[in-house]
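Undergrad: structure of the sequence below:
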Amino acid sequence: MLTRLDPVLSALVALSILMIPWFLFAPGIDQALWILQTAIDLINVAMAWRLYRQPGTDRYARRFWIAVAAAMGFSAMADAYQTALVLGGHPANDVSVVQSGLVVAGMVIAVITMLFHPLGGTGRLRLRLWLDAATVLTAVAVFLWYFLLAGEFSGGQTANRLAAAATSAVMLLVTFALIKLLFSTNAPFQQLPGMIGALGVTGTAVAAPLAALLMERSDTRLIYLAQLVPCLFIPISLRIQEILNRRKIDVPLAARRRRFSRMPYAAVVGTQLLLLLALSQVVADLKIWGVAAGVLLSTGLVLVRQQAAFHDNERLLAEISRRDEWFGALAQHASDTTVVTNGSQRVTYASPSAVRLLGLQDGDDTGNDLGGRIHAEDMPLVAELFTRMQAEGTAGAEVRLLHADGTYHWTHVVGTDLLANPNIRGLVWNGRDVTEARQLQDELRHQATHDVLTGLANRHLLQQRMLTVEADLPVSILVIDLDGFKQVNDVHGHHSGDQVLIAVAERLTGIVGDAGTVARLGGDEFAVILPDTDTDRGETLAAVLSRVVAEPIPVTGAVVTVGASIGVSSGTPAEAERMLREADDAMYRRKQSRRNLIGNHG
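TA: Numbers count the residues shown, from 1 in each chain. Below you'll find the model as predicted:
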């Protein structure tokens, strides 16, 4: 898919394929070898630089890619120098010291950067990564010893021994650095391009010597081909990585951590096959072959068993991951919020929906004090909630919790004491925002207990307020009826009458204040409850209210005046019905006396 869609990658793969017949049959391959090497190095520099400049690359990855670009730059200078020598008549297979020094300098830069790249993981995961890397590195060392070092140390010249040892040391160092990155959880490249690039780096160093050792006769064309083909793996790997980055095709970190690498087991298989190759080249009796067969069989059985266990583990981890994702999606989109606190009310877990309920960042308020979010007036209710939880295990209540925006939200919480549960060891709180429902309830309650026009208490609330007065306190009730209100309705209309009622209500509440309760009983009739007030004080307040109500009231297009007939009765809260009846009678007597007075003057 990547090859079909990407022309650069397609061209690199096609070049690798076409190079085989060219180097096998075309003339002039001595010069072409180093020219192509230089061109590939320059391509590598450009591709590594593009990866360095890609958006979204973290600082460790950027450091890695700039090191790769620098290493490829040194290789380009080295191969360009060798190309100039070859074009000037220097033998193609005689590598100059300058070329080798520049290549080694570039490799040192890359190796140091890879060695200092953070491995990632903690605890046993880090130990597993190091053990896997050590297993693969051991296998690489065995192959180098068999194909390169053993022959030189057994019969080669001193110079050749030193060269072979140096090559092997550098290869082991490069291999170790690459394996470290391949096994790490935060490698700057993904597994597929990483494996291709590792094969390319390894092949550039050992492919040609191994080809010369494995072939009975030295064939320059095949050795050149073995030297050049691995070089093309590097730009192919860089291009694949760029495509994956650009298309944002990535393996989640959790999946990387769950994946069990097969590379160590492939390394074990490789060393076992190498053992068979070594035994075939020596005179071994049946005892040795029997032991070797037993070693191979037992190793194979262990590997198969281990792979089966890994397969089961991966399947189990995948199932756990699916379940975690399922529960995570439920928690993310659930209307209820789950918060777990320890014994001191410190939050140890908050579900993602806590973002909506409390405005927490990323659904996590770990370490914060949940008690600090409770409204001060609700603390006694919360204390009672804890008491019920200790007695019953589970209890619920509606409390106000502080939102991140500074407002309090009514929340229905159900707490469960799971401190004794070793898997939880905390108090589990399930909460739901009921602010809108609470506001609706308050609005309905207000409508049921208050007058719609004036906002004053109605008769029902007036009776409820009377029940809240302490039984041993005196209380006075004032019943107020407006005089002249009918004329306002008849002359100026009901709208003006409503304005008069609203104005009177405001004046009554302005005088009474918090000392009592003002209510509208209906029509133009009002009442006032005055706790801790006797008849004399009630009569005094009635005179004040009568005088204030009689002040002119502006209405639409006019100014009107109304009077107030007020009846007063005093007693105890238990005598509410009697007092209300007596105050009503006193109000009507006063209204009648006012009418008689007006009639006599007329």
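Undergrad: all strands of the stretch 301-450 of the chain, in order?
TA: Counting by DSSP state E, counting those that start in this stretch, the stretch 301-450 of the chain has strands at residues 337-341, 347-350, 394-402, 408-418, 426-433.
Undergrad: no wait, the chain
TA: 337-341, 347-350, 394-402, 408-418, 426-433, 475-483, 517-522, 525-531, 553-555, 558-560, 563-571 (DSSP state E).
Undergrad: got the strands of the stretch 301-450 of the chain as JSON lines, with mean neighbour count and distance to Ser100 columns?
TA: Bear in mind the C-beta positions are built from the backbone N, C-alpha and C, glycine included. Below are the strands of the stretch 301-450 of the chain laid out as JSON lines (neighbours: other Cβ atoms under 10 Å; distance: least, Cβ to Cβ, whole Å):
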{"stretch": "strand 337-341", "mean neighbour count": "22", "distance to Ser100": "63"}
{"stretch": "strand 347-350", "mean neighbour count": "19", "distance to Ser100": "59"}
{"stretch": "strand 394-402", "mean neighbour count": "17", "distance to Ser100": "70"}
{"stretch": "strand 408-418", "mean neighbour count": "19", "distance to Ser100": "68"}
{"stretch": "strand 426-433", "mean neighbour count": "20", "distance to Ser100": "64"}
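Undergrad: distance to Trp22 for those - can I get that in TSV?
TA: Listed next are the strands of the stretch 301-450 of the chain as TSV, based on distance: least, Cβ to Cβ, whole Å:
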stretch	distance to Trp22
strand 337-341	67
strand 347-350	64
strand 394-402	75
strand 408-418	73
strand 426-433	71
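Undergrad: and the ones you listed: which comes nearest Gln190?
TA: Minimum separation from Gln190 across the strands of the stretch 301-450 of the chain (Cβ to Cβ) falls at strand 347-350, 32.7 Å.
Undergrad: partners of the closest one in the sheet?
TA: Partners of strand 347-350 in the sheet, by DSSP bridges, are strand 337-341 (antiparallel).
Undergrad: kindly export the partner strand (C-alpha atoms) in CSV.
TA: Output of strand 337-341 as CSV, limited to C-alpha atoms (Å, rounded to 0.1, in the frame of the first residue of the first chain):
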residue,chain,number,x,y,z
THR,A,337,-19.6,10.9,38.1
THR,A,338,-17.6,8.5,40.3
VAL,A,339,-15.0,9.9,42.7
VAL,A,340,-12.9,7.8,45.1
THR,A,341,-11.5,9.4,48.2
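Undergrad: burial measure for Asp514, as a count.
TA: 6 (other Cβ atoms under 10 Å).
Undergrad: I figured Val504 hits Asp481, correct?
TA: No: between Val504 and Asp481 there is no contact, the gap being 10.9 Å when judged by Cβ atoms under 8 Å.
Undergrad: shared neighbours of those two, anything?
TA: Residues touching both Val504 and Asp481 by Cβ atoms under 8 Å, 6 or more residues apart in numbering: Phe526, Ala564.
Undergrad: more crowded one of the two?
TA: Of the pair Val504 and Asp481, Val504 is the one with more neighbours under other Cβ under 10 Å, namely 25 against 21.
Undergrad: for the more buried one, give its distance to Glu325.
TA: Relative to Glu325, Val504 is positioned 65 Å away (criterion: Cβ to Cβ, to the nearest Å).
Undergrad: which residues sit in contact with the closest residue to Leu461 other than its chain neighbours?
TA: Spatial nearest neighbour of Leu461, excluding adjacent residues (Cβ to Cβ, 6 or more residues apart in numbering): Thr449 at 3.9 Å. Counting by Cβ under 8 Å, 6+ apart, Thr449 makes contact with Ala457, Asn458, His460, Leu461, Gln464.
Undergrad: next one, pLDDT for Leu213 please.
TA: Confidence at Leu213, expressed as pLDDT, is 54.
Undergrad: count the neighbours of Leu453 for me.
TA: Neighbour number of Leu453 under other Cβ under 10 Å is 11.
Undergrad: was I right to think it contacts Val500?
TA: No: shown here, Leu453 and Val500 do not form a contact pair, counting by Cβ under 8 Å, at 10.8 Å.
Undergrad: so Phe189 touches Gly197, yeah?
TA: Yes: using Cβ under 8 Å, Phe189 is in contact with Gly197, at 7.0 Å.
Undergrad: shared neighbours, the two?
TA: In contact with both Phe189 and Gly197: Ser237, using Cβ under 8 Å, 6+ apart.
Undergrad: returning to that earlier point: out of the contacts of Thr449, which is most surrounded?
TA: Tallying neighbours with other Cβ under 10 Å puts Ala457 at the head of the contacts of Thr449, with 22 neighbours.
Undergrad: quick one, what contacts that one?
TA: Thr449, His450, Asp451, Arg465, Thr517, Val518, Ala519, Arg520.
Undergrad: how about it: which residues does it bridge to?
TA: His450, Ala519.
Undergrad: what about the nearest residue to Ala80 once chain neighbours are set aside, distance to Ala383?
TA: Closest residue to Ala80 apart from its sequence neighbours, by Cβ to Cβ, 6+ apart: Thr38 at 4.9 Å. Distance of Thr38 to Ala383, given as Cβ to Cβ: 81 Å.
Undergrad: who's more crowded, these two?
TA: Neighbour count, other Cβ under 10 Å: between Thr38 and Ala383, Thr38 has more, with 20 against 9.
Undergrad: count the neighbours of the closest residue to Ala550 other than its chain neighbours for me.
TA: Ranked by Cβ to Cβ, 6+ apart and with sequence neighbours excluded, the top spatial neighbour of Ala550 is Gly563, at 5.4 Å. Using other Cβ under 10 Å, Gly563 has 16 other residues around it.
Undergrad: which residues sit in contact with Gly563?
TA: Contacts of Gly563 (Cβ under 8 Å, 6+ apart): Leu482, Asp483, Gly484, Ser546, Val549, Ala550, Arg594.
Undergrad: Met466 too?
TA: Residues in contact with Met466 (Cβ under 8 Å, 6+ apart) are Val475, Ile529, Pro573, Ala576.
Undergrad: ok and the biggest helix by length in the chain relative to strand 337-341, angle-wise?
TA: What stands out as the longest helix in the chain, according to DSSP state H, is helix 286-333. Interaxial angle, helix 286-333 versus strand 337-341 (axes from the mean of the first three to the mean of the last three Cα atoms, to 10 degrees): 110 degrees.
Undergrad: could you shift the numbering so residue one becomes 50, and keep it that way?
TA: All set: I'll call the first residue 50, so the last point we hit is now helix 335-382.
Undergrad: packing partners for helix 335-382?
TA: helix 302-307, helix 312-329 (3 or more Cβ pairs under 8 Å, 6 or more residues apart in numbering; DSSP states H and E).
Undergrad: sort out which residues of the last one are buried, please.
TA: The neighbour-count criterion (16 or more other Cβ atoms under 10 Å) identifies Met312, Pro313, Tyr314, Ala316, Val317, Val318, Thr320, Gln321, Leu323, Leu324 as the buried residues of helix 312-329.
Undergrad: let's have the residues you listed in TSV, adding distance to Thr558 and pLDDT.
TA: Formatted as TSV, the buried residues of helix 312-329 follow (distance: Cβ to Cβ, whole Å; pLDDT from 0 to 100):
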residue	distance to Thr558	pLDDT
Met312	84	66
Pro313	85	71
Tyr314	87	72
Ala316	89	70
Val317	91	75
Val318	93	75
Thr320	96	75
Gln321	97	74
Leu323	100	70
Leu324	102	74
